[in-house]
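>>> This is a predicted model, with the sequence first.
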Amino acid sequence: MNLRGWVRIVVAAVLAVCLLTTGLPRVFGATSQDAATAISEASNMLQAAFVNVTDAEKAGVNVSSLLSGLDEAGLALTMAEAASNNGNYSEAVSQAAASEALAEEVGNEAVALKSGAASWRSGVLSLLVIGASSAIVFIAVLALAWLWFKRYYGRKLSRSRPEVAS
């Protein structure tokens, strides 16, 4: 056999191996049950995060950044479900874990922003009360000072003697 024959055999063998390995589903130790469990947990976490973001929005928080985080988590969950449907359970578990982590982060951030909004409101109300109280005290002190000055100046004028100019 010459060199051309050996090259043809090697190329045919490499092509056969490539076709067989890419045509078979990849399994790296994860089962369909593992994928289903991971997807279910990620879905529950995403629903909880959505509820937290909705509550934060009702509290008056700007949730635009949280919505983009929810979108990313939903996309990762969709990719996990697609990988599971294609038989790639390891990728499904990985994507579900990513979705769950993103959803948990968004949910925690929503809770923190909601509690921050409540404390911000109480802080603003405290500042308004302090400002109004300070204004009332300032006006009262100013009125007392004016009354004192009026009496003092009136007494001083009544005690003075008129001078005659020449």
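Received it, and whenever you're ready, just let me know what you need.

>>> CA only for contacts and neighbour counts going forward, please
Fine.

>>> Tell me where this protein has helices.
Here the chain has its helices, by DSSP state H, at 3-23, 32-58, 64-85, 89-159.

>>> would TSV of the ones you listed with mean neighbour count and distance to residue 165 be doable?
Output for the helices of the chain, formatted as TSV (neighbours: other CA atoms under 10 Å; distance: least, CA to CA, whole Å):
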stretch	mean neighbour count	distance to residue 165
helix 3-23	11	120
helix 32-58	19	79
helix 64-85	19	81
helix 89-159	16	18
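
>>> so residue 76 touches residue 99, yeah?
Yes - using CA atoms under 8 Å, residue 76 is in contact with residue 99, at 5.0 Å.

>>> any chance of the helices of the chain in TSV, plus mean pLDDT?
Shown next, in TSV, are these (pLDDT from 0 to 100):
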stretch	mean pLDDT
helix 3-23	71
helix 32-58	92
helix 64-85	92
helix 89-159	87
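
>>> quick one: residue 92 and residue 80 touch, right?
Yes - assessed by CA under 8 Å, residue 92 is found in contact with residue 80 at 4.1 Å.

>>> Pull up the overlap in contacts between those two.
residue 39 (CA atoms under 8 Å, 6 or more residues apart in numbering).

>>> For residue 41, which non-adjacent residue is spatially closest?
Among residues not flanking residue 41 along the chain, residue 100 sits closest, at 7.2 Å (CA to CA, 6 or more residues apart in numbering).
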